[in-house]
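Chemist: Provided below for reference: sequence and predicted model.
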Amino acid sequence: MPVHILLIGGCWFWGSFICGLFYYASFLLTSASVGNMVLISVDRYVAICDPLCYLTKVTQKRVQVCVCLCWACSALYNGLILMDYLEQPERFNSCYGECIVVVDSITGAVDVMLTFVGPIVVIVVLYMRVFVVAVSQARAMRSRKVAANKSELKAATTLGVVVLVFLICVCPYYCVALTGQDTMLNASFAYFVICLSYFNSCLNPLIYTFFYPWFRKSVRLIVTLKILKPDSCKINIL
């Protein structure tokens with residue numbers, strides 16, 4: 001619906017403040033999502049490659065600090081990127097009713113490296129290490145006739161699917177941005193590429209729902225508002 005409205009009308013009706021807020025929220029959620037995937041890959045790396053030290057290295061307090069830092073750094077970073085726009089919200093508009101944010105080539109290249117190339121390299125390297133260790137452990141357990149730790153292997157598989165879906169959804173956008181052909185595309189394809197990158201955030205909950213029964217139960221509790229009941233903390237979802 002939003003894409004269809006933009007394709008037909010081509011106008012932004014909610015003012016420059018909401019325009020800036022829209023871009024800031026989209027940039028923030030995208031970069032924070034990538035940061036969270038990096039944290040998850042680090043968690044899986046420690047859990048599978050160094051399981052004996054997992055409980056001492058990955059504590060609840062450290063997880064909370066890392067997640068808060070991820071969101072805080074994303075908020076600060078995207079605020080710096082949009083600082084010029086926030087100072088003069090309508091400087092890039094050629095006519096009334098536009099919502100345009102222009103990022104210079106140097107800032108765009110740095111942004112691609114920090115929010116896409118760098119995190120993906122870290123995730124792929126860690127996941128390849130996890131895959132090698134998981135395969136070696138599975139072979140050792142099979143030779144000793146010991147049951148494999150299915151929960152850790154499933155977690156690694158889920159991370160692999162999440163990363164693959166992320167690359168499929170986001171790569172078209174960054175490929176277009178890196179080649180500098182974003183201004184040469186027609187509006188329909190440009191909106192498709194942008195919405196495909198946003199659609200990745202909708203797919204992640206579906207992936208976790210498919211792999212984890214406890215996640216499905218948690219979603220059901222939230223949707224049915226049972227999570228608001230006083231005794232909801234006592235519900236067993238495992």
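Modeler: Received the coordinates, thanks.
Chemist: Quick one: neighbours of residue 230, just the number.
Modeler: By other Cβ atoms under 10 Å, 6 other residues sit near residue 230. For the C-beta atoms, the positions are set from N, CA and C on the backbone; glycine is no exception.
Chemist: try residue 166
Modeler: The tally of other residues near residue 166 (other Cβ under 10 Å) stands at 22.
Chemist: didn't it look like it was pressed against residue 199?
Modeler: No. In this structure residue 166 lies outside contact range of residue 199 using Cβ atoms under 8 Å: 10.8 Å.
Chemist: what sits against the spatially most central residue of the chain?
Modeler: Nearest residue to the geometric centre of the chain (Cα atoms, centre = their mean): residue 33, 2.6 Å. Residues in contact with residue 33, defined by Cβ atoms under 8 Å, 6 or more residues apart in numbering, are 200-201, 204.
Chemist: Tell me which helix or strand in the chain has the weakest average pLDDT.
Modeler: helix 2-9 (a mean of 51; mean pLDDT, DSSP states H and E).
Chemist: Tell me the helix or strand right after that helix.
Modeler: helix 15-49 (DSSP states H and E).
Chemist: Can you pull the phi/psi pair for residue 229?
Modeler: In this entry, residue 229 is assigned phi and psi values of phi -70, psi 150 (degrees, to the nearest 10).
Chemist: could you pull out the helices for this protein?
Modeler: 2-9, 15-49, 54-57, 60-81, 83-87, 105-112, 118-144, 150-179, 187-211, 213-223 (DSSP state H).
Chemist: what does the average pLDDT come to for the fifth one?
Modeler: Read it as helix 83-87. What helix 83-87 shows for mean pLDDT is 72.
Chemist: and what of the shortest one?
Modeler: Helix 54-57 comes out with an average pLDDT of 86.
Chemist: Give the other helices and strands that that helix contacts.
Modeler: The contact analysis (3 or more Cβ pairs under 8 Å, 6 or more residues apart in numbering; DSSP states H and E) places helix 54-57 against helix 15-49.
Chemist: The helix it packs on versus helix 187-211: what angle between them?
Modeler: Interaxial angle of helix 15-49 relative to helix 187-211 (axes from the mean of the first three to the mean of the last three Cα atoms, to 10 degrees): 40 degrees.
Chemist: Helix 118-144 and helix 15-49, what's the angle between them?
Modeler: When the same axes, to 10 degrees is applied, the directions of helix 15-49 and helix 118-144 differ by 30 degrees.
Chemist: and helix 15-49, which residues are buried?
Modeler: Within helix 15-49, the residues that count as buried by 16 or more other Cβ atoms under 10 Å are 16, 19-20, 23-24, 26-28, 30-38, 40-49.
Chemist: Next, the contact list for residue 117, please.
Modeler: Residue 117 neighbours (Cβ under 8 Å, 6+ apart): none.
Chemist: scratch that, residue 66 is what I was asking about
Modeler: residue 39.
Chemist: at 10 Å what do you get?
Modeler: By Cβ atoms under 10 Å, 6 or more residues apart in numbering, residue 66 lies in contact with 35-36, 38-39, 42-43, 58.
Chemist: Please produce TSV containing those, extended by distance to residue 68.
Modeler: Below are those laid out as TSV (distance: Cβ to Cβ, whole Å):
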residue	distance to residue 68
35	11
36	12
38	15
39	11
42	16
43	16
58	15
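Chemist: any idea which of those residues is closest to residue 100?
Modeler: Ranked by distance to residue 100 (Cβ to Cβ), the contacts of residue 66 are led by residue 35 at 26.6 Å.
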